[in-house]
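**Q** Fold the following for me, if possible:
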Amino acid sequence: MKKKILTGLAAVACGFGMLAVTSCGNSDSVKVGFICLHDETSTYDKNFIEAAKDVCEEMGVEAVFKTQVEEGAEYDVAVELAADGCKAIFADSFGHESGMVKAAKEYDSIQFFHATGTKAHTEKLSNYHNAFASIYEGRYLAGIVAGLKMNEMIKNGDIQADEAVMGYVGAYNYAEVVSGYTSFYLGAKSVCDSVTMKVRYTNSWFSVEKEAAAATQLIETDGCKLISQHADSQGAPGVCESKGVPNVFYNGNNSASAPNTYLVASRINWRPFFTDMVKTVTENKEMDYDYVGTIATGSVELMELNTNLAAEGTQTEIDAAVEGLKNGTINVFDTANFTVGGEHLTSYTVAGLKDGEPETNVIVDGVFKESFYRSAPYFDIRIDGITELA
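**A** Sure thing, here's the model as predicted:
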């Protein structure tokens, strides 16, 4: 089976907990297994779980969920799901990949799928697949919302132009997080020229305390006027709500929890992927090594805008940007729109993307081709205007 990128967004995580098992659907139907790092208290895992439940119910298959599966424990859980009769097995955390590959090699009659992984295109197993989506498109749109809010604050005299500083709570300094916060910044920069951004890492995918502490530092110490995140708890939004600081969330509409500060959120819609995944076993459908959904395929979404807080004209700007992303007139990582050390990049190489090619130049016709050679993000460039803090 040839590797093929459908068109070209993780999330990853690390955690600990007791294994929890739930199932839904007709027990006489085809079974599909889902391995989750956390449970629905994590916005990241909740996004997968809700999509999986919806798709499996619609397609008449039984979904078996195993949650709180720490990284390193996935192989044993995959074997349990295989023994339970699952015809397809999915895992949602980056650190689950080794065990999933091992299980795929031992159970070649079962289809295995893994979000945010990097090995499918090199392992070349007919029953092992990586999946992600071009979430950088969604974060770019969310960045436009943030940049317009900054413009409004400047216009109203709430801040000076040089005080248009955004804060970003990142889990780890992985390419996935760097790609996400850079696309968010570039969206903001496209409408607010003076905007800059500061990033603090928590070194955890899910920690209410650490994320709240990082958001507090960004606001109180670093002078940030708006906060976004690539981390999975309500820690940062809770701080923003208590301090009256606008917040851009991830993986869900947060207006109920933070009605006064929630602006918007982006997320991956996993329903199109899960639909294709189920079809691999119910209709003998083939799937490529790497699956990349986009805004055009419905796999990337911007959640409902909080019009009570967003700047006037924001929805019009969003609509125009969505059309630009779909028709190709907007490329998020167009190298004309950012610099590194004051210079525009003309080439940038990444290892491990092509067979027989130690490094691949991923800048083509002036655009960094993110999630093109594999599904998992590989944009790890630190651009001007963004400062990583300790």
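**Q** Poorly predicted segments of the stretch 1-150 of the chain, please.
**A** 1-28 (pLDDT under 70).
**Q** how about a cut-off of 50?
**A** Counting by pLDDT under 50, the stretch 1-150 of the chain contains low-confidence ranges at 1-19, 27.
**Q** just the helices in it please.
**A** 43-59, 74-83, 97-106, 120-123, 135-155 (DSSP state H, counting those that start in this stretch).
**Q** what angle separates the second one from helix 97-106?
**A** Regarding helix 74-83 and helix 97-106, their directions subtend 40 degrees when assessed with axes from the mean of the first three to the mean of the last three Cα atoms, to 10 degrees.
**Q** just the longest one next, same as before
**A** What separates the directions of helix 135-155 and helix 97-106 is an angle of 160 degrees, with the same axes, to 10 degrees.
**Q** and after helix 135-155, which helix or strand comes next?
**A** Using DSSP states H and E, the next helix or strand after helix 135-155 towards the C-terminus is strand 165-170.
**Q** helices or strands next to that following strand in the packing?
**A** For strand 165-170, the elements it packs on are helix 175-189, strand 196-201, helix 208-220, strand 226-230, judged by 3 or more Cβ pairs under 8 Å, 6 or more residues apart in numbering; DSSP states H and E. Where C-beta positions appear, they are placed from N, C-alpha and C, glycine not excepted.
**Q** Just give the closest residue to residue 390, not the sequence neighbours.
**A** Nearest residue to residue 390, sequence neighbours excluded (Cβ to Cβ, 6 or more residues apart in numbering): residue 200, at 7.8 Å.
**Q** burial measure for the one you found, as a count.
**A** 24 (other Cβ atoms under 10 Å).
**Q** Can you lay out the helices and strands packed on strand 165-170 as JSON lines showing mean pLDDT?
**A** Output for the helices and strands packed on strand 165-170, formatted as JSON lines (pLDDT from 0 to 100):
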{"stretch": "helix 175-189", "mean pLDDT": "97"}
{"stretch": "strand 196-201", "mean pLDDT": "98"}
{"stretch": "helix 208-220", "mean pLDDT": "98"}
{"stretch": "strand 226-230", "mean pLDDT": "97"}
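**Q** any idea which of the ones you listed is most buried?
**A** When you average the neighbours per residue for each of those (mean count of other Cβ atoms under 10 Å), strand 226-230 leads with a mean of 29.
**Q** That one: what's the following helix or strand?
**A** With elements assigned by DSSP H and E, the helix or strand that comes after strand 226-230 is helix 235-243.
**Q** give the contact list for the nearest residue to residue 61 once chain neighbours are set aside.
**A** Sequence neighbours aside, residue 30 is the residue nearest to residue 61 in space, at 4.6 Å (criterion: Cβ to Cβ, 6+ apart). Applying Cβ atoms under 8 Å, 6 or more residues apart in numbering to residue 30 gives the contacts 61-62, 87, 278, 281-282.
**Q** on that earlier part again, show me what the residue nearest to residue 390 is bridged to.
**A** With DSSP bridges as the criterion, residue 200 is bridged to residue 169.
**Q** Would you confirm that it contacts residue 167?
**A** Yes. The criterion here is Cβ atoms under 8 Å, and residue 200 meets it with residue 167 at 7.3 Å.
**Q** between those two, what contacts are shared?
**A** Contact criterion Cβ under 8 Å, 6+ apart; residues shared by residue 200 and residue 167: 218, 222.
**Q** distance of the closest residue to residue 252 other than its chain neighbours from residue 360?
**A** Excluding the flanking residues, the one nearest residue 252 by Cβ to Cβ, 6+ apart is residue 43, at 5.5 Å. Going from residue 43 to residue 360 by Cβ to Cβ, to the nearest Å gives 33 Å.
**Q** What of residue 327?
**A** Taken as Cβ to Cβ, the span from residue 327 to residue 360 is 27 Å.
**Q** returning to what we had before: quick one: mark the members of the contacts of residue 30 that sit in strands.
**A** If you go by DSSP state E, the contacts of residue 30 have 62, 87 in strands.
**Q** Closest to residue 292 out of the contacts of residue 30?
**A** For the contacts of residue 30, the closest approach to residue 292 (Cβ to Cβ) belongs to residue 278, at 18.4 Å.
**Q** I figured the closest one hits residue 57, correct?
**A** No. Look at residue 278 against residue 57 with Cβ under 8 Å: they stay out of range, at 10.9 Å.
**Q** Give me the more crowded residue out of the two.
**A** residue 278 (24 against 14).
**Q** Find the nearest non-adjacent residue to the more buried one, please.
**A** Distance criterion Cβ to Cβ, 6+ apart; nearest residue to residue 278, sequence neighbours excluded, is residue 59 at 5.1 Å.
**Q** Correct me if wrong: that neighbour contacts residue 281.
**A** No. Using Cβ under 8 Å as the test, residue 59 is too far from residue 281 to be in contact (10.3 Å).
**Q** Could you tell me how many residues sit around the closest residue to residue 129 other than its chain neighbours?
**A** Nearest residue to residue 129, sequence neighbours excluded (Cβ to Cβ, 6+ apart): residue 113, at 5.0 Å. Other residues near residue 113 number 27, with proximity taken as other Cβ under 10 Å.
**Q** what do you get for residue 170?
**A** 23.
**Q** Please look at it and residue 231 and confirm they touch.
**A** Yes. If you go by Cβ under 8 Å, residue 170 and residue 231 touch, sitting 6.8 Å apart.
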